[in-house]
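Participant: below are the sequence and a predicted model for it; my questions follow.
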Amino acid sequence: MKGTVHAAIGASTPIGLILTQHVSPLQGATMAAVSAGFSLLPDAECEKATADRALGGVFHKPVHRLCAWVYDATATPADARNAQWRLIRKWKDPYHRTLTHTLLAVLTLGMLTYTIAISAPAFMAFIAAFGVFLLWPLHRKVLLGVAVGAAAAAVGAATLLTPWLLTLAVAGGYLTHVVGDACTKGGVPAFWPVRIQGKRWRNIRLLGGLVASGSSREKGPALGISLASNALLVFLML
């Protein structure tokens, strides 16, 4: 999926919390901004992806090396024969959509966020600002707006969010990326390192791989979800 679609879906994550968990609209707005940014982070291992353009090679290269090392160290013979793996190779990067696109990565990021937020509350503002900063390649012509948004998210996180709510925003946004890519033809190895039919890197494809990246099937539903959820958020804030 494209970065704009991931961000749009990620921004919609907190709506359910507002409706069911007594999260205020202002808290939800802060969480939406953070979720939108962190929804881009799984592609940090992919060169020229939005997260890579936001953070640069200093971040991309070690993440990519880690993905390569973990894949090579844990792949089974069945993984190497997997037809889906040959499809991934067409992307010119055999390690794209591997370690960073697993549920274990979601859980690890959530635990790390919560631990930092609990032990050093001052870092909650930094985490929120970092999330919004990841969006800047999508809005190069309004960098000032992204900077203002990052500052607002930092203030909102420090004054409105609990460590638990910030963790939900971060991990929830990241999770939407994994689930979104699982709906594409390529799929994701969501359940690594669990062996499924002899493969640790068996790609899971929801909806039968119905969605193709960049297609109207991707953009249409994502745009509808984003517009509806964010319109509801604005309505609740009035």
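Facilitator: Happy to help now that I have it.
Participant: quick check on residue 190: phi, psi?
Facilitator: As for residue 190, its main-chain torsions (degrees, to the nearest 10) stand at phi -60, psi -40.
Participant: cool, and the one 5 residues further on?
Facilitator: The phi/psi pair for residue 195 (degrees, to the nearest 10) reads phi -80, psi 130.
Participant: is it true that it touches residue 76?
Facilitator: Yes. Residue 195 is in contact with residue 76 according to C-beta atoms under 8 Å; the separation is 7.2 Å. Quick note: C-beta positions are derived from backbone N, CA and C, even for glycine.
Participant: hey, where'd the helices end up in the chain?
Facilitator: Secondary structure of the chain by DSSP state H: the helices cover 3-11, 15-20, 25-38, 50-55, 57-74, 77-81, 83-89, 103-119, 123-133, 143-160, 163-182, 216-237.
Participant: off-centre distance for the first one?
Facilitator: The one in question is helix 3-11. Averaging C-alpha positions (C-alpha atoms, centre = their mean, to the nearest Å) puts helix 3-11 8 Å from its chain's average.
Participant: of all the helices of the chain, which one is nearest residue 205?
Facilitator: helix 163-182 (6.5 Å; C-beta to C-beta).
Participant: quick one: mean pLDDT for that closest one?
Facilitator: The average pLDDT within helix 163-182 is 89.
Participant: let's have the chain start at 15 instead
Facilitator: Sure, I'll start numbering at 15, so the last one becomes helix 177-196.
Participant: residue ranges with poor pLDDT in the chain?
Facilitator: The model of the chain has pLDDT under 70 over residues 15, 17, 29-35, 95-106, 153-157, 221-252.
Participant: nearest spatial neighbour of the residue of it most remote from its centre, skipping sequence neighbours?
Facilitator: What lies farthest from the middle of the chain is residue 91; by C-alpha atoms, centre = their mean that is 29.6 Å. In space, and not counting its chain neighbours, residue 91 is closest to residue 212: 8.0 Å by C-beta to C-beta, 6 or more residues apart in numbering.
Participant: ok, the one you found to residue 140 distance?
Facilitator: Distance, residue 212 to residue 140, by C-beta to C-beta, to the nearest Å: 43 Å.
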